[in-house]
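> Sequence first, predicted model second:
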Amino acid sequence: MELKPLRNLADYQAALTAIEALWSAPDGSPEAERLEVLALLVEAYEQRHFPIEQPDPIAFLEYVLETRGLEPADLEPFIGSPGKVAAVMKRQLPLSLEMIRHLAAGLHLPAEVLIQEYALHQDAA
């Protein structure tokens, strides 16, 4: 396969086939370099044509809690009081910039996910 921009699905599929054929190329070989360039081309094509949206910040926090075996109380050092944590997790209170900074630094989470806008629920008064 000639190295060129991937402009359509046929180009993309041909690049995937070439990658599969080169997958076991020894490090430092010309084939490994070709594999690396093809992988970059495929990545660029996928970002353009099959974008994956960032997760919702609260859904992401729920995922982090679940996968790390944490409880909402474990968010208190980063968000604040138990009531604040509950309000954030129930989407009644938005994450503040300070909370996002603390979560990103303390739990090693990507701030670009946490900073996104998300819908809040309004309690019936």
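That came through fine.

> what's the nearest residue to the residue nearest the centre of the chain if we skip its chain neighbours?
Compute the mean C-alpha point of the chain, and by C-alpha atoms, centre = their mean the closest residue is Gln54, 5.6 Å away. Once flanking residues are discounted, Gln54 sits nearest to Val113: 5.1 Å by C-beta to C-beta, 6 or more residues apart in numbering. (Glycine included, C-beta is placed from N, CA and C.)

> just Gly106 next, same as before
What sits nearest to Gly106 in space, not counting adjacent residues and going by C-beta to C-beta, 6+ apart, is Phe78, at 5.0 Å.

> Give the residue spans of this structure that score low on pLDDT.
1-2, 123-125 (pLDDT under 70).

> By residue count, what's the longest helix in it?
In the chain, assigned by DSSP state H, the helix with the most residues is helix 30-49.

> For the helix or strand Val64 falls within, name the packing helices and strands.
For Val64, the host element (DSSP states H and E) is helix 57-68. With contacts defined as 3 or more C-beta pairs under 8 Å, 6 or more residues apart in numbering; DSSP states H and E, the packing partners of helix 57-68 are helix 82-89, helix 111-114.

> who's in contact with stretch 13-21?
For stretch 13-21, contacts defined as C-beta atoms under 8 Å, 6 or more residues apart in numbering pick out 1, 6, 34-35, 38-39, 41-42, 45.

> now those in JSON lines, with distance to Leu93 and neighbour count?
JSON lines is the format used below for these (distance: C-beta to C-beta, whole Å; neighbours: other C-beta atoms under 10 Å):
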{"residue": "Met1", "distance to Leu93": "53", "neighbour count": "13"}
{"residue": "Leu6", "distance to Leu93": "44", "neighbour count": "20"}
{"residue": "Arg34", "distance to Leu93": "52", "neighbour count": "17"}
{"residue": "Leu35", "distance to Leu93": "48", "neighbour count": "19"}
{"residue": "Leu38", "distance to Leu93": "47", "neighbour count": "21"}
{"residue": "Ala39", "distance to Leu93": "42", "neighbour count": "14"}
{"residue": "Leu41", "distance to Leu93": "44", "neighbour count": "19"}
{"residue": "Val42", "distance to Leu93": "41", "neighbour count": "17"}
{"residue": "Tyr45", "distance to Leu93": "40", "neighbour count": "19"}
